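model the structure of this input:
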Amino acid sequence: MEIRRTIALLGLTCVSGALLAGCALIHGPADRVDEFVAAGHECTGSWWIGDVREGTSDEARGVAENALAEAEVSPEVLAAATNLLDESKNDVERQSTSKLDFESEAYMLTVTLHVKDELDAAGYPDIDRVLEVWSEHTCS
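I've put the predicted structure just below:
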């Protein structure tokens, strides 16, 4: 179940990233920006919280905003996200994904999953998604 959720999330993130290239142009300033290192490269990750449909409650938005602000990317949590990401990829995807792409995707996923988990715990499960977490990253 968790792997299916992750695969769906990754697919949505990838599609969202492709369709929403330049999230800052569409969504304005990011709700969170992190500097991190992936495969020895300096990276910047940005996340935006947005309504999926009209009528999103202030409570749900507050939960998401707090979760996004408080999401910790500890070595343990990053390792768990890395494992989920690895399990969601088939052999071809693993071979065609660079270490830089894989590590940066895992970092981005760690923060996004924290928001989704906090929304779920507050009674806003991903299956009834009311908010989306868009993200993008760049590495040098």
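
identify the residue nearest the geometric centre of the chain.
The centroid of the chain falls nearest to Thr112 when counting by Cα atoms, centre = their mean (3.1 Å).

gap between it and Pro75?
Relative to Pro75, Thr112 is positioned 18 Å away (criterion: Cβ to Cβ, to the nearest Å). Every C-beta, even on glycine, is put in place using the N, C-alpha and C of the backbone.

cool, Val92 as well?
In this structure, Val92 and Pro75 are 29 Å apart, going by Cβ to Cβ.

next one: Val37
Shown here: Val37 relative to Pro75, a distance of 13 Å by Cβ to Cβ.

who has more neighbours, these two?
Val37 (12 against 7; other Cβ atoms under 10 Å).

with adjacent residues omitted, what lies nearest to the more buried one?
In space, and not counting its chain neighbours, Val37 is closest to Cys43: 6.8 Å by Cβ to Cβ, 6 or more residues apart in numbering.
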